[in-house]
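**Student:** need coordinates for the below:
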Amino acid sequence: MATISLPSAEKSQLEALAALPLKLALREAVPLLVRLADNPAFLSSHVIPLLQEPREIKNWYVAHSCNGPDDSYSLQLFFWPAGSRTEIHDHTSWGAYCCVVGSVLEERYERLDDGSQPNHARLKKLWQLWWRRGDRISTVLPYDGGIHRVGNSGKILAISMHLYGPPIGGVDGRDYDLSKNHVCDRLVT
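**Tutor:** Presented below is the predicted three-dimensional model:
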């Protein structure tokens, strides 16, 4: 995985987000992510090289990333070959993402149970949207505020840019299995 290099002004803005209350940080993160996604220098140094590298990858992965001091933020470029997708999951941080190449499908879920039974969760699909370059930004809040699955069910490569705030606690989020009404913690890697 390659490292994203950012100008010092953007790094300072990203670091400042970590000190803000959660909903304010997320509101401030959206225009910053839009500026990065529209920045020709950023795209030519980080996104275009991904398109020029021949790959025989079958699954999604984080191709480039930049993490703030003490995990105050994480900026990541995800590579989505045709047919790839995540499992249903949530995060322990706020997050925002946009598509910079191609399109990705996001499915959003709602938890129906009260969370009182360990390793058990019942989910209901709320909506699904295709996100393309130039569309608005998708945002998630921690845990039940952003249960989703993201993938590329199209026929061409997609690349998305994700910005996450500081994680809450020692886990990265939770993974859900609809077929078994199961949920488990996903450890920080």
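**Student:** and for residue 52, the neighbour number?
**Tutor:** Residue 52 sits with 6 neighbouring residues when counted by other Cβ atoms under 10 Å. Glycine gets a C-beta too; all of them are placed from N, C-alpha and C.
**Student:** measure residue 163 to residue 135 for me?
**Tutor:** 16 Å (Cβ to Cβ, to the nearest Å).
**Student:** same deal with residue 18?
**Tutor:** Distance from residue 18 to residue 135, counting by Cβ to Cβ: 26 Å.
**Student:** ok, the two, which is more surrounded?
**Tutor:** Neighbours were counted for residue 18 and for residue 135 using other Cβ under 10 Å; residue 18 has more, 16 against 12.
**Student:** show the pLDDT at the residue lying closest to the more buried one once chain neighbours are set aside.
**Tutor:** Closest residue to residue 18 apart from its sequence neighbours, by Cβ to Cβ, 6 or more residues apart in numbering: residue 72 at 3.5 Å. Residue-level confidence at residue 72 comes out at 91, pLDDT.
**Student:** pretty sure residue 72 contacts residue 166?
**Tutor:** Yes: with contact defined as Cβ atoms under 8 Å, residue 72 counts as touching residue 166 (5.3 Å).
**Student:** can you tell me what sits against stretch 15-24?
**Tutor:** With contact meaning Cβ atoms under 8 Å, 6 or more residues apart in numbering, stretch 15-24 is reached by 25, 28-29, 32, 68-69, 72-73, 94, 141-142, 165-166.
**Student:** what comes up buried for that stretch?
**Tutor:** 17-18 (16 or more other Cβ atoms under 10 Å).
**Student:** span of it from start to end?
**Tutor:** One end of stretch 15-24 sits 14 Å from the other (Cα to Cα, to the nearest Å).
**Student:** return the distance of that stretch from the chain's centre.
**Tutor:** How far stretch 15-24 lies from its chain's middle: 17 Å, per Cα atoms, centre = their mean, to the nearest Å.
**Student:** could you pull up the mean pLDDT of that stretch?
**Tutor:** On average, stretch 15-24 scores 92.
**Student:** surely residue 188 meets residue 173?
**Tutor:** No: Residue 188 is not in contact with residue 173 according to Cβ under 8 Å; the separation is 9.4 Å.
**Student:** good, wrapping up.
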